[in-house]
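Undergrad: below are the sequence and a predicted model; questions follow.
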Amino acid sequence: MNPNRPNAAALPEPQPAAPLECPRCRYDLSGTPPTWTDRCPVEGQCSECGLVFPWRDIFDPMHSIPGWSFEHVPRKRKRRLILALFGTLLCSLMPWKFWRTVEMRWPVRKKRLAVYALLLGILVLYSGPMAIELGTSLKGYHSTGGRHFILANPVHIPCGPYSFPEWWLRQYHFPDGPISLTHFTQAFAHCATFPRHFVPVMHDYGLLNFLYSNQPAFRMTSMRRPPEHWHLWPIASMSGWTIMLAFLAAIGYFLLIQTLSQAKITGAHQIRAALYVTLAVCATSIIASTVGSFAQLFLYDIRVWLAQLRGQAPWRTPPLILDEHRGLLWLFWPALLFVHWWCVGRWYYRIPRPAIVSATITGIATVVTLLITLVLLGDWEAFPFLVP
C-alpha cells in the first residue's frame with residue numbers, strides 16, 4: 001500500500017451543484033441545458049413566467065455583486081458589514097439606480113435582511129430625535145446661561161450654573177441638589193422613548209378617546225393652534241404618517257394577488273423589495289423631519305428679530321415657510337413612494353404596466369393612512385391645511 005496515497009475516506013465529499021432555477025419564479029431549468037447540441041445560448045426564457053435572462057446569471061448568480069450590498073457581504077469581513085449597512089441605505093435612497101443594480105438572481109438572505117431592518121430601524125428612529133434633543137438642549141443651555149430655575153410663587157428661583165451634561169440631566173429631575181441615580185434613570189427613560197415623537201396621534205381628539213368617553217371626537221375649532229405654541233412635533237408627526245404610509249403600501253403589493261401571480265414573483269423577492277422600499281422612505285422622512293426641526297429651532301429666532309425690526313410683537317411672528325406650506329409637503333411622500341415602487345416594478349419585478357400598479361397602490365395607501373390618522377388617531381394638527 002502506497003503511504004503517499006490519500007485515504008478515500010478522508011477525501012471531502014463533492015458538493016452538489018446549485019440548482020438551475022429561474023431568478024423570478026424559481027422554476028427548475030435543469031432540463032434545458034441537456035437539449036443544447038452546439039453551444040450555450042446567451043439568453044434564455046423561462047417557460048413558466050416568461051422572464052428573459054442571461055444564462056450566465058443562472059450558472060453563476062453571485063457574479064458582479066457590488067460590495068455595498070449588506071445582504072451579500074461575507075461573514076468573515078465584519079468591518080465591511082458596517083460600511084455596507086450605510087452603503088445600502090445611501091444607494092436605496094436613489095431608487096432609479098438601486099433597482100437597476102439589484103437583480104433577482106442575487107440570493108435572498110432573509111436573516112441578513114432581518115438584521116439590516118433591525119439595525120437600520122434602531123439607528124433611524126433614535127438618531128433623528130437624538131439630534132433634535134441635542135439641538136434644543138444646546139439652545140436652551142445657552143439661552144439660560146447654564147442655569148436652571150425652581151418654579152416658585154411668585155418668582156422663579158435660579159440655581160446653578162452647571163456644565164452642559166449636568167444641566168441636561170437636571171431637566172428630567174429636580175434642578176437643585178446633587179446629581180443622583182434618579183437623574184440618570186429619568187434621562188435614560190426619556191431617551192428610550194425617543195420613537196414616540198414619530199407617532200401621529202393626539203389622544204384628545206381621536207376615535208379611541210371618543211369610544212372611552214362622552215366627549216366629541218373632533219374639536220375642529222381648537223385644533224388650529226397659534227404660531228407661538230407650535231413646536232417640533234408637527235413635522236415629526238409627518239414622519240410618523242409617512243412610516244404608516246410606507247408600511248401600508250408594502251402590504252398593498254402583497255395583496256395584488258392577480259398581478260403578482262401573473263408574474264410568478266416569489267415571496268422572498270416581495271419581502272426584499274418591501275423591506276428596502278419601506279426603510280428607504282422612512283429614513284428619508286425622518287432625515288427631512290430632523291432637518292425641518294432644526295430649521296424651526298434655529299431660524300425662528302431670526303424671524304422674531306425681523307418681526308421686531310418691523311415693529312411686530314414677537315408672539316405674532318408668522319410661522320416658518322415649512323409650516324406655512326406644509327400642506328404641499330404631504331404630496332411629496334406619496335409621490336416619493338410611487339417612484340420607489342415604480343422602479344421596483346419596472347427593473348426588479350419586470351411586471352407589465354408598473355406605473356399603473358404603483359399609482360394604484362400608492363393612492364389606496366394614502367387614503368387609508370389619511371383616514372387612520374384623522375379618524376382613529378385624531379391627529380388633525382398633522383394636517384393644518386384641512387382645518388378651517
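TA: The structure has been received and is ready for your questions.
Undergrad: could you use CA atoms for every contact and neighbour count after this?
TA: OK.
Undergrad: low-confidence ranges, the stretch 1-150 of the chain, go.
TA: The stretch 1-150 of the chain contains residues with pLDDT under 70 at 1-18.
Undergrad: please, where are all the helices along it?
TA: Under the criterion DSSP state H, counting those that start in this stretch, helices of the stretch 1-150 of the chain are mapped to 55-59, 78-92, 95-101, 110-143.
Undergrad: need the contact partners of the shortest one.
TA: Translated: helix 55-59. Leu20, Glu21, Cys22, Pro23, Pro41, Val42, Glu43, Gly44, His63, Arg105 (C-alpha atoms under 8 Å, 6 or more residues apart in numbering).
Undergrad: distance to Tyr348 and mean neighbour count for the helices of the stretch 1-150 of the chain - can I get that in CSV?
TA: Output for the helices of the stretch 1-150 of the chain, formatted as CSV (distance: least, C-alpha to C-alpha, whole Å; neighbours: other C-alpha atoms under 10 Å):
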stretch, distance to Tyr348, mean neighbour count
helix 55-59, 14, 17
helix 78-92, 13, 17
helix 95-101, 6, 18
helix 110-143, 17, 16
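Undergrad: of all these, which one comes closest to Trp342?
TA: Ranking the helices of the stretch 1-150 of the chain by proximity to Trp342 (C-alpha to C-alpha) places helix 95-101 first, at 9.1 Å.
Undergrad: tell me what that closest one is packed against?
TA: For helix 95-101, the contact count by 3 or more C-alpha pairs under 8 Å, 6 or more residues apart in numbering; DSSP states H and E identifies helix 78-92, helix 326-343 as packing neighbours.
Undergrad: swap the cut-off to 10 Å and go again
TA: The contact analysis (3 or more C-alpha pairs under 10 Å, 6 or more residues apart in numbering; DSSP states H and E) places helix 95-101 against helix 78-92, helix 267-309, helix 326-343.
Undergrad: give me the neighbour count for Thr290.
TA: Around Thr290 there are 22 other residues, counting by other C-alpha atoms under 10 Å.
Undergrad: pretty sure it contacts Leu134?
TA: No. Thr290 lies out of contact with Leu134 (C-alpha atoms under 10 Å); the separation is 11.4 Å.
Undergrad: mind listing the shared neighbours of the two?
TA: Gly128 (C-alpha atoms under 10 Å, 6 or more residues apart in numbering).
Undergrad: need the helices and strands packed on helix 95-101 in JSON lines (columns: distance to Leu371).
TA: Listed next are the helices and strands packed on helix 95-101 as JSON lines, based on distance: least, C-alpha to C-alpha, whole Å:
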{"stretch": "helix 78-92", "distance to Leu371": "29"}
{"stretch": "helix 267-309", "distance to Leu371": "20"}
{"stretch": "helix 326-343", "distance to Leu371": "14"}
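Undergrad: out of those, the one nearest Ser127 is which?
TA: Closest among these, using C-alpha to C-alpha: helix 267-309, at 9.2 Å.
Undergrad: between the closest one and helix 110-143, how many degrees?
TA: Orientation check (axes from the mean of the first three to the mean of the last three C-alpha atoms, to 10 degrees): helix 267-309 against helix 110-143 gives 10 degrees.
Undergrad: tell me the mean pLDDT for helix 267-309?
TA: On average, the pLDDT along helix 267-309 is 81.
Undergrad: tell me which residue lies nearest the centroid of the protein.
TA: Against the mean C-alpha coordinate of the chain, by C-alpha atoms, centre = their mean, the closest residue is Cys282 at 2.1 Å.
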